[in-house]
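Colleague: A predicted structure for the sequence below; I have some questions about it.
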Amino acid sequence: MSEEKYFKTLKDLPKEELFVQGHRACSGCGEAIAVRHIMKAIGPNCIVISPTGCLEVVSSPYPYTSWAVPWYHVAFENAASVASGVEAALKVLMRKGVLEKKKIHVVAIAGDGGTVDIGFQALSGALERGHGFAYICLDNEAYMNTGIQRSGATPYGAWTTTSAVGKAIRGKVQWKKNMPAIVASHGIPYVATACPAYPVDLVNKVKRAVEIEGPAYVHVLTPCVPGWRIPSNISIKVARLAVQTGIFPLYEIKDGKLTLTVKVPKRKHVKEYLKLQGRFAHLTDEEIEKIQERVDRESESLGLGPRA
């Protein structure tokens, strides 16, 4: 895709709304904010597949829908399998002359539970086979729809209803699964991380993902107001701090080459991010420093700036 096709500001985005009003997401929901921009980047010429999760529940309460494009609700574990089938079927129908030969964007939009855990097998297989679709993971770092249970994407130390906080166990004891790196190991053409706090970066990455030949993957951090225990008016502030502290770096990997897309010259201390969230309220200074040390190591390996 040529540079002139990228969005330079939010004013460049289409006015048409494809994820429309009437959804039942929480006020300040990171997913709803992200999906509105994602759909503007994709455009109307698409088919969207969503497995069970928050996005599906809030956007399709029978008999209503917030989707102004063709949209499938599928089982928790098989968004990538269905996207593979849709992509293959379109090829056959075009080859037989049933459909006009043109680019139809096939996009799977799933949560972290349906991506890094339950749907991982289907996703890995689809990437290995080379199906031409974009997969977008909306990462709110737990199974929020079913009551805030931990997932493979839940960060170290976070409280959830299944990673309790007590004297012996201090929230989740495992570190967050590095899903973008796992996907990149499949050797696909495009992998990126994104965040609604940096919307122009987000929409350009989604546009690249849907227009590239072959499979593409975009991992989007989407704060959850009740799950992260934050006020509804600071979800974007929290998302921005995830980037500014180095906890969630923004980059893209094109044909195996990693490039930072949002550079942070002086990273803020992780406590500025953690202290805003009730799910981390139990952490001691020592536990916060343990998280900081890991973020420092990972930031150095990516070439992020030093800590302020």
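Modeller: It's in.

Colleague: which stretches of the stretch 1-150 of the chain have low pLDDT?
Modeller: 1-4 (pLDDT under 70).

Colleague: could you list the residues in contact with the helix or strand hosting residue 294?
Modeller: Element membership for residue 294 (DSSP states H and E) is helix 285-302. With contacts defined as Cβ atoms under 8 Å, 6 or more residues apart in numbering, helix 285-302 is touched by 156-157, 170, 175, 245-247, 249, 251, 258, 260, 267, 269-271, 274, 283, 305, 307. C-betas here are computed from N, CA, C, even on glycine.

Colleague: ditto for stretch 19-31
Modeller: By Cβ under 8 Å, 6+ apart, stretch 19-31 touches 32, 35-36, 38-39, 54-55, 57-59, 61, 64, 66-68, 111, 138, 140, 196, 221-226, 230-236, 239.

Colleague: assign residue 220 to helix, strand or coil.
Modeller: strand (DSSP: H, G, I helix; E, B strand; the rest coil).

Colleague: that one pairs with what?
Modeller: residue 138, residue 194 (DSSP bridges).

Colleague: how close does residue 164 get to residue 150?
Modeller: 10 Å (Cβ to Cβ, to the nearest Å).

Colleague: so for those two, which sits in the more crowded spot?
Modeller: A direct count of neighbours by other Cβ atoms under 10 Å for residue 164 and residue 150 places residue 150 higher, at 23 against 13.

Colleague: tell me which element residue 209 falls in.
Modeller: helix 199-211.

Colleague: what is that helix packed up against?
Modeller: helix 30-42, strand 105-111, strand 134-139, strand 190-194, strand 216-221, strand 251-254 (3 or more Cβ pairs under 8 Å, 6 or more residues apart in numbering; DSSP states H and E).

Colleague: dump these into JSON lines; add distance to residue 89 as well.
Modeller: Shown next, in JSON lines, are the helices and strands packed on helix 199-211 (distance: least, Cβ to Cβ, whole Å):
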{"stretch": "helix 30-42", "distance to residue 89": "19"}
{"stretch": "strand 105-111", "distance to residue 89": "10"}
{"stretch": "strand 134-139", "distance to residue 89": "17"}
{"stretch": "strand 190-194", "distance to residue 89": "23"}
{"stretch": "strand 216-221", "distance to residue 89": "19"}
{"stretch": "strand 251-254", "distance to residue 89": "28"}
